[in-house]
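Visitor: Pasting the sequence and the predicted model now:
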Amino acid sequence: MKKMKLLFFGLLLLFPSFVYASDCTKVLPALKFVGHIVAVVKILIPIIIIGLGIMDFFKAVVASKDDEIKKSTRSLIFRCIAGVVIFFLPAFIDLIFSWVSDFKTYESDYKECISCIWNVNGGDCQK
């Protein structure tokens, strides 16, 4: 397990050198793959939250216990907050990058590469 962690962190250290390319052609398949995962997650998270919320409320109503209804309401609120955070994570990441002082020099390359993640079927990603 320790070897896997070291390998993972080693790859993370090397990853920025692979990602930076002025035309993103070297990492385009990886960016498209991550983009498809992001698109699926954006669809599945709300469906999962709604499904789990329905199941929790159904169990609570069938049990006819006020404490169970309060617990399921609290659980649904936390799940909704987590879903909103996950949904707006890309915008938050862009905001953090915009605060970095040297980001302006790499912003155009970043926007070109990141568009393949946030908009997989867009024009920039079809190269």
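Guide: On my side now, so go ahead. Numbers count the residues shown, from 1 in each chain.

Visitor: Leaving out sequence neighbours, find the closest residue to residue 45.
Guide: Residue nearest to residue 45 in three dimensions, not counting chain neighbours: residue 83, with 4.9 Å by C-beta to C-beta, 6 or more residues apart in numbering. Just so you know, the C-beta spots here come from the backbone N, C-alpha and C atoms, and that holds for glycine as well.

Visitor: Return the helix or strand in the chain with minimum mean pLDDT.
Guide: Least confident helix or strand of the chain, by mean pLDDT, DSSP states H and E, is helix 2-19 with a mean of 50.

Visitor: Just list the residues touching residue 24, thanks.
Guide: With contacts defined as C-beta atoms under 8 Å, 6 or more residues apart in numbering, residue 24 is in contact with 31, 109, 112-113, 116, 127.

Visitor: how about it, secondary structure?
Guide: coil (DSSP: H, G, I helix; E, B strand; the rest coil).
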